[in-house]
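Undergrad: Model the structure of this input:
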Amino acid sequence: MKSSQEEHTGQERNLEKKVAELTETLQAMEEQMFHYEKMALLGQLIAGIAHEVNTPLAALNSNRDTFARCIEKIKSKLFDENTPESIREDEKLKMLFENIDRLDEVNKNASHRIVEIVNSVRRYARQDTLEQSEAGLNELLESTIPILFHEFKNRIRVHRDYGDIYEISCYPNKISQVFLNLLVNASHAIVGNGEIFIKTYNRENDVVVEIRDTGEGIAEEHLEKIFQTGFTTKCSDKGTGLGLALVRQMIEEHQGKIEVESKTGEGTMFRISFPRANEK
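TA: Numbers count the residues shown, from 1 in each chain. Below you'll find the model as predicted:
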């Protein structure tokens, strides 16, 4: 009788455990579906914003070119040999045109920077597809990094060490989301100024991405928990809404693996590996 009761109690515990695991899995799936819907809407939104920014930006670039040509014509007239020497050798006038040239160069660089950001946003938005395709991780990283310009600003320097790597078969928007989340995590881990190192290389039939930061690191007692659903050490006002549990899930959907190495005060490195295309 006692044995039968113990067996019944054990079965109840196992059932409760399975129900708890299933509930946790369903919650994670619900969170992931909500996140995908949110990112799909965000993709449409940023594509629209990029288009709207592109129109006045094209006008500004055109006006700058016209302005530069006008200034050159004025300079050619003022400093022509037929112009009185008192004008040609006027130091204040020369300094004025030097300042104009310097400001024009600043404007040109700023316009090119905006064009680069807009193009990156448009490429990022176009990755929102439900179909798998072959993609290069270097390109996906490059289209993701400019999205984080507001995070990095002049505070964090990003070092790129891209190898000549294989393509992988993937959902590009999901892989970009993985990179986005890991880079945001790296940014939040850095107090003040710091650096992020990105390295890609082939390892046998795998493609590997390493993202390392010079931040505060992860405490040893937290390392085994960081991929658990709901676990976070961040404040509520930080993060992208995509936890490391979902990051790992996305990576595993692509038959990939994620590893972490970290020491308090010495920074953190995430190492992601994916099988090359046609090698699954």
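Undergrad: Residue 269 contacts residue 258, correct?
TA: No: assessed by Cβ atoms under 8 Å, residue 269 is found out of contact with residue 258, at 11.1 Å. All C-beta spots, glycine's among them, are computed from the backbone N, C-alpha and C.
Undergrad: In this structure, what helix or strand scores lowest on average pLDDT?
TA: helix 2-78 (a mean of 72; mean pLDDT, DSSP states H and E).
Undergrad: Could you point out the helix or strand that follows it?
TA: helix 85-88 (DSSP states H and E).
Undergrad: could you point out which element follows that following helix?
TA: helix 91-126.
Undergrad: and that next one, what other elements does it pack with?
TA: Using 3 or more Cβ pairs under 8 Å, 6 or more residues apart in numbering; DSSP states H and E, the elements in contact with helix 91-126 are helix 2-78, helix 137-144.
Undergrad: what lines up beside the helix or strand just after that helix in the sheet?
TA: Next along the chain after helix 91-126, taking DSSP H and E as the criterion, comes strand 133-135. With DSSP bridges as the test, strand 133-135 is paired with strand 168-170 (antiparallel).
Undergrad: For the helix or strand that the strand it pairs with is followed by, which helices and strands make contact with it?
TA: Downstream of strand 168-170, the first helix or strand assigned by DSSP H and E is helix 172-189. For helix 172-189, the contact count by 3+ Cβ pairs under 8 Å, 6+ apart identifies helix 2-78, strand 133-135, helix 137-144, helix 149-152, strand 194-203, strand 206-213, helix 244-253, strand 267-275 as packing neighbours.
Undergrad: For helix 172-189, C-alpha coordinates in PDB please.
TA: Only the C-alpha atoms of helix 172-189 are listed here, as PDB (Å, rounded to 0.1, in the frame of the first residue of the first chain):
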ATOM      1  CA  PRO A 172      17.900  37.000 -42.000                       C
ATOM      2  CA  ASN A 173      15.600  39.100 -39.800                       C
ATOM      3  CA  LYS A 174      16.000  36.600 -37.000                       C
ATOM      4  CA  ILE A 175      19.700  36.500 -37.200                       C
ATOM      5  CA  SER A 176      19.800  40.300 -37.300                       C
ATOM      6  CA  GLN A 177      17.700  40.300 -34.200                       C
ATOM      7  CA  VAL A 178      20.200  38.000 -32.500                       C
ATOM      8  CA  PHE A 179      23.000  40.400 -33.300                       C
ATOM      9  CA  LEU A 180      21.000  43.400 -32.300                       C
ATOM     10  CA  ASN A 181      20.200  42.000 -28.900                       C
ATOM     11  CA  LEU A 182      23.800  40.900 -28.200                       C
ATOM     12  CA  LEU A 183      25.200  44.200 -29.300                       C
ATOM     13  CA  VAL A 184      22.700  46.100 -27.100                       C
ATOM     14  CA  ASN A 185      23.600  43.900 -24.200                       C
ATOM     15  CA  ALA A 186      27.300  44.600 -24.800                       C
ATOM     16  CA  SER A 187      26.600  48.400 -24.900                       C
ATOM     17  CA  HIS A 188      24.600  48.200 -21.600                       C
ATOM     18  CA  ALA A 189      27.400  46.200 -19.900                       C
END
